[in-house]
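Undergrad: sequence and predicted structure are below.
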Amino acid sequence: MKKLCCDVFILGAGAGGFGACYRLAQSKVKTVIADVHEGYGGTAVFSGVSCFEPGVSLDGVHRIIAEKLLQNGSGEVQRSIPSRLTFCEKKDIGEFIEPLVSGGYLWGLSVPCQDDYESTLKRCKSLCPTNKSWRRFMMDEDALTKTMSELMEEYADYVTPLFKTRYVSCKTDGRKIKSVILENEAEQIEVVADYFIDASGSIVLLRDAGCQYEVGYEGDISKVNGVSVVLRVSKDKCPPLQIPYDEDISAWKQEKLSRVVSCFNMYPNGDININMLPTLTGKEYLELGERAYAVGVCRAVAYWEHLQTLHPELKEYSIKKIFAAGIREDYRLLGKKVLKTEDIMQGVKPDEPYVAISDHALDSHGIEGMPCGEMQVPYGIPLSCAQAKEFDNAFAACRGASFSSTVASSARLTRTMMSMGEGIARYIAKELQK
């Protein structure tokens, strides 16, 4: 077995993992980062969530990324339309479509505007009294992962990336994680480190190490945010895709198809990003296990065909890409502090050691009985929400950090998680200097 030694090991190269890795590398901290995908980006890239949603954030690497994407035309600031297209048998689709015709983009919930990147950094009511002033930053996912890679190339002496590599197990000793075992097509690798950051989304490492965790709203697995299988459609000629068959799709089409709610965003090149909700309920995704993605793909394609039937003008588009499942919520760490709704309602406190701030809405994504609504003021995410209580050298920098279910529905966004990773990295770098 190959053996690597480093100061910090990061599992997951999505927003949180990348943010942590970038800041550690800037501090000249030897870091190994591993991910099952072929590059940086996580959900934002491989699940098709190709935008920074409107919302506050600490200054950080997100600004550098946005600047580079704006320069090469792969990213743009867009005006958010304050509604979602709802295809429902009880309503005439025309009443939803007509307000969205802007700049020739019939299907866009967000359309290009002339505002600067700074305008995307606010959402809550104290900063944006109405959602008509929301701005998001839309980008091409391939350009995003390429930009992340280019930024890390400058720090090649300090970072060892291990892509297409999966987590296998870990070794612990008392209150410390000592090493992890990884595996790819070529070899098994043991990584020994002083600190460990789980940025895997589902806190794979921390759960395996024995940390306490929770699933669902107040432990109810039936109340887990829905999962989306996002489509990218284009007027370009796209080769036909192989769609897995699933026997349950006919029942879903009959019961659910006409009630799907979707978010349509425009890529800088004119392609359309279709984020349907829900493709699968959170409970379905967890219970279906390995079958979940195949079921989700079938549903997403059925929904696209449904749209084309309703609106013949969409027949000039075809599916360019079907992304991996976009998971909003599954396993969450029960860390040193669990950040709850009552905590974030108090806003940012000047005496707290925060690793990130946010102001995104509490968003239940249609789950009955869960709190939902826009925030009044920005709130902070304390370092203690990233710290495992069972280990002194383990942190979470992902949607699976120590949040309640409702807080996770707000804090899980790309830019917030990137800042969280950076904040954790700054803390670890200081600890290593002692």
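TA: Happy to help now that I have it.
Undergrad: check contacts around residue 25.
TA: Residues in contact with residue 25 (CB atoms under 8 Å, 6 or more residues apart in numbering) are 31, 152, 155, 158-159. Every residue, glycine included, has its C-beta placed from N, CA and C.
Undergrad: hmm, I was thinking of residue 217
TA: Residue 217 sits next to 223-224, 367, 369-370, 405-406 when contact means CB under 8 Å, 6+ apart.
Undergrad: so what does it have for phi and psi?
TA: Main-chain torsions, residue 217, degrees, to the nearest 10: phi -70, psi 110.
Undergrad: OK, contacts around the nearest residue to it once chain neighbours are set aside?
TA: In this structure, residue 217 finds its nearest non-sequential neighbour in residue 223, 3.7 Å apart by CB to CB, 6 or more residues apart in numbering. Contact analysis of residue 223 by CB under 8 Å, 6+ apart lists 216-217, 282, 367, 369-370, 405.
Undergrad: can you tell me the SS state at residue 223?
TA: With DSSP: H, G, I helix; E, B strand; the rest coil as the basis, residue 223 sits in coil.
Undergrad: against residue 405, how distant is it?
TA: With distances taken as CB to CB, to the nearest Å, residue 223 is found 7 Å from residue 405.
Undergrad: any common contacting residues for those two?
TA: Taking CB under 8 Å, 6+ apart as the contact rule, the neighbours common to residue 223 and residue 405 are 216-217, 370.
Undergrad: among those residues, which one sits closest to residue 245?
TA: Taking CB to CB as the measure, residue 245 lies nearest residue 216 of these, at 30.3 Å.
Undergrad: next up, the contacts around the closest one.
TA: Applying CB under 8 Å, 6+ apart to residue 216 gives the contacts 222-224, 282, 405.
Undergrad: for the stretch 1-150 of the chain, which spans come out with low pLDDT?
TA: The model of the stretch 1-150 of the chain has pLDDT under 70 over residues 80-109.
Undergrad: can you show me the helices along it?
TA: Counting by DSSP state H, counting those that start in this stretch, the stretch 1-150 of the chain has helices at residues 15-26, 42-46, 61-71, 94-97, 141-153.
Undergrad: for the ones you listed, which one ends up most surrounded?
TA: Mean neighbours per residue, mean count of other CB atoms under 10 Å, is largest over those for helix 15-26, with a mean of 29.
Undergrad: which stretches of the stretch 301-434 of the chain have low pLDDT?
TA: Low-confidence segments of the stretch 301-434 of the chain (pLDDT under 70): 366.
Undergrad: quick one: which of the contacts of residue 25 is nearest to residue 252?
TA: Of all those, residue 152 has the smallest distance to residue 252: 41.0 Å, by CB to CB.
Undergrad: tell me how this structure divides into domains.
TA: If you go by automatic domain parsing, the domain ranges for the chain are 2-63+143-221+330-433, 78-139+226-322.
Undergrad: sweet, I'm off.
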